[in-house]
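**Q** Quick one, fold the following:
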Amino acid sequence: MTTSHPVGSDLFDQLYELFRPERLLDDPRATGAGVRVAIVDTGVERSTLEQRAVELGRPQPRISGAVFRPDSPDPLPWDGHQSTPHGTIVADILLNIAPEIELFSADVFGPGGSRQDANCEVETVIRAMRHAIEVWDCKIINLSLGVPEHRLQQIPRRYQFLRAIEEGYFRDVLIFAAAHNEHPITRSYPAAFATPLISVDRAVYANPLEFAYFLCDHIEFRAHAQGYLGPFTREPTTSWATPHLAGIAARILSLRPNLKPFEIKTILYWMSQAIANKKA
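**A** Predicted structure coming up:
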């Protein structure tokens with residue numbers, strides 16, 4: 001005998017109630033253990049992150065890396081130093097959220113470490129992404145950077161960038177990209193690609209594990225956008241929001257490593273709804 005539910009049944013409301021974010025994120029196993037995360041950025045300072053681990057009582061970070069340059073077809077050795085603090089701050093946020101991830105630093109900016117978009121060629125970013133997927137076997141790639149639209153006016157270059165994003169998706173890699181901080185006045189890639197990556201805009205929450213999802217927005221997710229390393233990181237930016245959400249995904253993956261990108265995105269959506277309902 002089957003039981004029918006009347007129209008207006010609260011069955012789905014009951015399911016949402018069962019899906020409480022804290023049941024996932026407060027699980028003692030949700031540490032990011034076993035999850036490899038690549039930071040495509042300015043490089044990271046190993047000694048700074050090791051000292052932070054001592055100060056905060058978190059595990060010593062496992063960090064590897066390589067340097068990618070437009071004039072070199074192969075990645076160059078990484079010496080454990082940063083170009084500028086940007087990549088180190090991103091890494092610190094990831095380690096605050098998921099302290100047991102294994103980090104891989106892909107330095108794609110010039111020797112001076114300038115984060116001006118003109119100094120980061122899209123082809124270099126693509127090579128770093130492919131290396132992270134094919135050599136480092138990373139499950140998550142964090143892109144707290146953007147290539148402005150005017151640098152991708154050539155359709156073949158834009159298509160090449162999109163294809164690299166799609167290749168990651170088809171190989172079950174989650175790619176998180178920061179929206180431009182002037183969005184929607186200025187568009188930047190890869191966040192401007194509607195799919196299949198996860199684009200992140202900035203917000204400020206009392207709890208850094210909170211985030212929101214906006215169905216009809218081009219940039220779907222908002223995450224906590226303040227960092228922890230240095231006073232200027234209190235200014236909210238998408239660069240700091242992106243690793244917050246990537247770190248949350250790493251915590252989920254440490255509980256169920258074989259989840260597909262679309263499954264992770266669905267879980268993040270459900271979690272955002274539960275957060276919103278709890279605050280309502």
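**Q** Now the phi/psi pair for the closest residue to Gly247 other than its chain neighbours, please.
**A** Once flanking residues are discounted, Gly247 sits nearest to Ile97: 2.8 Å by Cβ to Cβ, 6 or more residues apart in numbering. C-betas here are computed from N, CA, C, even on glycine. With angles defined as degrees, to the nearest 10, Ile97 sits at phi -80, psi -40.
**Q** Then Ile198?
**A** Dihedral angles (degrees, to the nearest 10) for Ile198: phi -110, psi 110.
**Q** What residues does it make contact with?
**A** 174-177, 220-221, 245, 249, 265, 268 (Cβ atoms under 8 Å, 6 or more residues apart in numbering).
**Q** With Asn142 instead?
**A** Counted by Cβ under 8 Å, 6+ apart, Asn142 has contacts 37-41, 90, 94, 176, 242-243, 246.
**Q** likewise Leu215?
**A** No contacts exist for Leu215 under Cβ under 8 Å, 6+ apart.
**Q** related to what we said a few turns ago, need the contacts of Ile198 in CSV (columns: pLDDT, secondary structure and neighbour count).
**A** Shown next, in CSV, are these (pLDDT from 0 to 100; DSSP: H, G, I helix; E, B strand; the rest coil; neighbours: other Cβ atoms under 10 Å):
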residue, pLDDT, secondary structure, neighbour count
Leu174, 96, strand, 29
Ile175, 95, strand, 28
Phe176, 95, strand, 26
Ala177, 91, strand, 26
Glu220, 89, coil, 20
Phe221, 93, strand, 24
Leu245, 98, helix, 23
Ala249, 97, helix, 26
Lys265, 92, helix, 20
Leu268, 94, helix, 22
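**Q** what about the helices in the chain?
**A** Using DSSP state H, the helices of the chain run over residues 11-18, 21-25, 46-56, 85-97, 122-134, 155-170, 238-255, 261-279.
**Q** The second one - what's its average pLDDT?
**A** The one in question is helix 21-25. Throughout helix 21-25, pLDDT has a mean value of 79.
**Q** How about the first one?
**A** Throughout helix 11-18, pLDDT has a mean value of 66.
**Q** Give the residue spans of the stretch 1-150 of the chain that score low on pLDDT.
**A** 1-10, 12-19, 110-120, 148-150 (pLDDT under 70).
**Q** got the end-to-end distance for stretch 37-52?
**A** The straight-line separation of the ends of stretch 37-52 (Cα to Cα, to the nearest Å) is 19 Å.
**Q** How about Gly32: what's its closest non-neighbour residue?
**A** Ala98 (2.8 Å).
**Q** And for Ala178?
**A** Thr238 (3.9 Å).
**Q** Tell me if I'm right that Ile93 and Ser239 touch.
**A** No. Using Cβ atoms under 8 Å, Ile93 makes no contact with Ser239, being 9.2 Å away.
**Q** Show me which of the two is the more surrounded one.
**A** Ile93 (29 against 26; other Cβ atoms under 10 Å).
**Q** Now do the contacts for the residue nearest to Arg62 when sequence neighbours are not counted.
**A** Spatial nearest neighbour of Arg62, chain neighbours left out: Glu102 (4.6 Å); criterion: Cβ to Cβ, 6+ apart. Residues in contact with Glu102 (Cβ under 8 Å, 6+ apart) are 34-37, 62-64.
**Q** Out of those, list just those in strands.
**A** Residues of these located in strands (DSSP state E): 36-37, 62-64.
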